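S.K.: no sequence on this one, just coordinates:
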């Protein structure tokens with residue numbers, strides 16, 4: 001007999017309630033990850049500039065691993081929620097198995113060459129004296145890439161079946177353990193930068209063990225994973241990848257956009273400008289956590305509604321998320337604007353960093369307009385992912401990150417001659433225009449689905 005979990009009941013129930021109940025655990029989990037990232041940077045910084053540089057050299061490769069893992073995770077989550085909506089448990093099980101196998105293959109295929117040649121790559125990149133340190137750090141994480149992929153995809157499987165509570169527990173366990181292990185491995189065991197890598201890997205492995213227990217041993221999840229019953233299905237693979245590949249490219253396009261914006265910032269404000277942008281963007285990402293949590297809920301809930309061919313429910317959940325996100329985004333914006341000088345003080349209390357205080361406060365005040373309107377673009381992209389239209393989601397992101405934001409930043413900074421302020425204004429204007437284009441496209445798409453559903457019911 002089919003085991004209907006609480007998460008599935010939420011997915012198939014009231015859409016507004018589903019958005020709230022699925023978003024909250026993800027917000028908590030993502031917050032824990034953000035805290036870990038900040039704490040990890042603090043511990044590594046205690047080792048000196050060379051250690052920070054070593055981690056910095058590995059970052060593009062780590063981002064590539066995470067982009068690929070996240071892509072497959074989103075593809076799995078979207079496909080599972082659609083199968084649940086259409087009451088097709090057998091295919092939901094098949095999606096889970098296929099996604100884990102795809103993840104394992106990609107992890108090995110991508111990591112193995114890097115594992116062998118990473119020292120030579122770092123030397124070519126100009127790592128110089130920190131090549132050995134960067135290589136030690138990189139090889140530990142490349143060797144454990146199978147766990148990075150597994151934990152991300154298993155988390156996506158849980159999100160897809162509406163079980164964001166257990167997804168949250170896995171994120172919390174990994175983040176808290178990492179915070180505890182960092183100083184032990186870095187300083188107590190005197191492993192330096194390699195210790196930071198070991199702390200990260202052990203935390204991911206521990207999360208993976210917990211996820212494995214739920215999926216393979218306790219078996220209280222909705223999806224059932226039995227590898228001995230695996231039968232390759234190209235259609236299932238296509239369903240995962242048609243969302244997964246664009247989702248990976250989305251991650252990479254955002255990284256590329258930040259890279260180009262960094263170049264514009266250097267030209268407009270020198271290295272101090274980069275310090276302002278890097279620090280300010282960290283604050284932005286903290287402010288965006290509630291919206292990112294809601295976005296994961298939008299993908300799952302709209303996916304289930306689409307699978308059930310319930311367009312009214314799909315539209316209700318999507319519009320409710322937009323309204324909720326706008327209220328939260330506006331609240332974050334007001335808070336950031338009012339407390340900008342105090343937020344700035346957290347990052348500029350030392351004598352060396354005090355000189356960027358005024359510029360950072362200006363950044364925080366201008367960027368406040370980013371929060372409420374980002375909702376329209378972000379949730380439209382999440383909705384497209386939910387209904388399996390990965391290329392639409394990718395188009396929305398490319399429009400925002402590359403086609404509009406970068407040129408707008410250039411125009412405001414150098415054509416209108418506003419310098420650094422112009423870059424910040426360009427980011428806000430580019431994102432806002434793209435958000436409303438995305439929202440208009442998403443609404444038109446939903447209206448078309450409503451029309452097709454009404455037409456079919458009359459036939």
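M.R.: Structure's in. What do you need? Quantities reported herein were computed from a predicted structural model and do not represent experimental measurements. Numbers count the residues shown, from 1 in each chain.
S.K.: Could you give the separation of the helix ranked longest in the chain from the chain centroid?
M.R.: Among the segments of the chain that qualify as a helix by DSSP state H, the longest is helix 234-307. Here helix 234-307 is found 6 Å from its chain centre; the criterion is Cα atoms, centre = their mean, to the nearest Å.
S.K.: could you point out which element follows it?
M.R.: helix 311-347 (DSSP states H and E).
S.K.: Enumerate the positions of that next one that are buried.
M.R.: 311, 313-322, 324-326, 328-329, 332-333, 336, 340, 343-344, 347 (16 or more other Cβ atoms under 10 Å). Placement of C-beta: from N, CA and C, glycine included.
S.K.: what helix or strand is residue 142 on?
M.R.: helix 131-143.
S.K.: what angle sits between the helix or strand just after that helix and helix 131-143?
M.R.: Counting by DSSP H and E, the next helix or strand C-terminal to helix 131-143 is helix 145-160. Interaxial angle, helix 145-160 versus helix 131-143 (axes from the mean of the first three to the mean of the last three Cα atoms, to 10 degrees): 50 degrees.
S.K.: Helix 145-160 - contacts with which helices or strands?
M.R.: helix 49-85, helix 89-124, helix 164-183, helix 192-212, helix 234-307 (3 or more Cβ pairs under 8 Å, 6 or more residues apart in numbering; DSSP states H and E).
S.K.: ok, residue 128 to residue 54 distance?
M.R.: Counting by Cβ to Cβ, to the nearest Å, the gap from residue 128 to residue 54 is 11 Å.
S.K.: Neighbour count: these two, which is higher?
M.R.: Higher neighbour count among residue 128 and residue 54: residue 54, with 28 against 11, using other Cβ atoms under 10 Å.
S.K.: Check what pLDDT the more buried one gets.
M.R.: What the model reports as pLDDT for residue 54 is 91.
S.K.: Just confirm it contacts residue 134, I think it does.
M.R.: Yes - applying Cβ atoms under 8 Å, one finds residue 54 in contact with residue 134, separated by 4.0 Å.
S.K.: Common neighbours of the two, please.
M.R.: 127, 193 (Cβ atoms under 8 Å, 6 or more residues apart in numbering).
S.K.: burial measure for the residue nearest to residue 36 when sequence neighbours are not counted, as a count.
M.R.: In space, and not counting its chain neighbours, residue 36 is closest to residue 175: 4.0 Å by Cβ to Cβ, 6 or more residues apart in numbering. Applying other Cβ under 10 Å, we find 23 other residues in the vicinity of residue 175.
S.K.: pLDDT wise, what is residue 175 at?
M.R.: For residue 175, pLDDT reads 96.
S.K.: Quick check: the gap between it and residue 274.
M.R.: Applying Cβ to Cβ to residue 175 and residue 274 gives a distance of 27 Å.
S.K.: Off-centre distance for the helix or strand encompassing residue 26?
M.R.: Following DSSP H and E, one finds residue 26 within helix 15-45. Relative to its parent chain, helix 15-45 has a centroid offset of 11 Å by Cα atoms, centre = their mean.
S.K.: Packing partners of it?
M.R.: Helix 15-45 packs on helix 6-12, helix 49-85, helix 164-183, helix 192-212, helix 234-307, helix 311-347, going by 3+ Cβ pairs under 8 Å, 6+ apart.
S.K.: Flag every buried residue along the fourth one.
M.R.: Pointing back at helix 192-212 there. 192-208, 210-211.
S.K.: Contacts for that helix next, please.
M.R.: 40, 43-44, 47, 51, 54-55, 133-134, 136-138, 140-141, 143-144, 147-148, 150-151, 154-155, 158, 169-171, 173-175, 177-178, 181-182, 184-187, 189, 191.
S.K.: Separate out the buried members of these.
M.R.: Burial by neighbour count, judged by 16+ other Cβ under 10 Å, picks out 40, 43-44, 47, 51, 54-55, 133-134, 136-138, 140-141, 144, 147-148, 150-151, 154-155, 158, 169-171, 173-175, 177-178, 181-182, 185-186, 191 from those.
S.K.: returning to that earlier point: export the helices and strands packed on helix 145-160 to JSON lines and tack on distance to residue 421?
M.R.: Supplementary listing: those in JSON lines, determined by distance: least, Cβ to Cβ, whole Å:
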{"stretch": "helix 49-85", "distance to residue 421": "28"}
{"stretch": "helix 89-124", "distance to residue 421": "37"}
{"stretch": "helix 164-183", "distance to residue 421": "35"}
{"stretch": "helix 192-212", "distance to residue 421": "36"}
{"stretch": "helix 234-307", "distance to residue 421": "9"}
